[in-house]
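Novice: Predicted model and sequence below, questions to follow.
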Amino acid sequence: MVNFTDDDEGKSVVMGDEKVGMITEVEHGTAYVDPDPGITDRIKATLDWGDRDEDTYPLQESRVDTVTDDEVRLRDDL
């Protein structure tokens, strides 16, 4: 079970060798991912100014393989 916290905001979301997005917000343990973050999104997430918008999607816990200090790695067998 993965319990995301505010500390996970700004982390890269990676699948295989490819960065597929960035966590822009965490709300009630659910991480929301922007699949194509720009520099403004990265700064907002780093400064905890992120909001969820129409370009962010909830990250399903069942898709997460590991969480490190720098990234969230998705399962390869999806």
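Specialist: Good, I have the coordinates.
Novice: give the contact list for the residue nearest to V72 when sequence neighbours are not counted.
Specialist: Once flanking residues are discounted, V72 sits nearest to V13: 4.9 Å by C-beta to C-beta, 6 or more residues apart in numbering. In this view, the C-beta of every residue, glycine as well, is placed from N, C-alpha and C. Residues in contact with V13 (C-beta atoms under 8 Å, 6 or more residues apart in numbering) are K19, V20, G21, M22, I23, V33, L59, E71, V72, L74.
Novice: what ranges of this protein fall below the confidence cut-off?
Specialist: Counting by pLDDT under 70, the ranges of the chain that qualify are 37-53, 78.
Novice: Now do the helices in it.
Specialist: 39-46 (DSSP state H).
Novice: Tell me if I'm right that R75 and Q60 touch.
Specialist: No - if you go by C-beta atoms under 8 Å, R75 and Q60 don't touch, sitting 10.4 Å apart.
Novice: returning to what we had before: list buried residues within the contacts of V13.
Specialist: Neighbour-count burial (16 or more other C-beta atoms under 10 Å) applied to the contacts of V13 gives G21, M22, I23, V33, L59, E71, V72, L74.
Novice: Turn the residues you listed into a markdown table, including distance to T5.
Specialist: A markdown table is the format used below for the buried ones among the contacts of V13 (distance: C-beta to C-beta, whole Å):
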| residue | distance to T5 |
| --- | --- |
| G21 | 18 |
| M22 | 16 |
| I23 | 10 |
| V33 | 15 |
| L59 | 13 |
| E71 | 15 |
| V72 | 12 |
| L74 | 18 |
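Novice: Centroid-nearest residue for this structure?
Specialist: I23 (2.4 Å; C-alpha atoms, centre = their mean).
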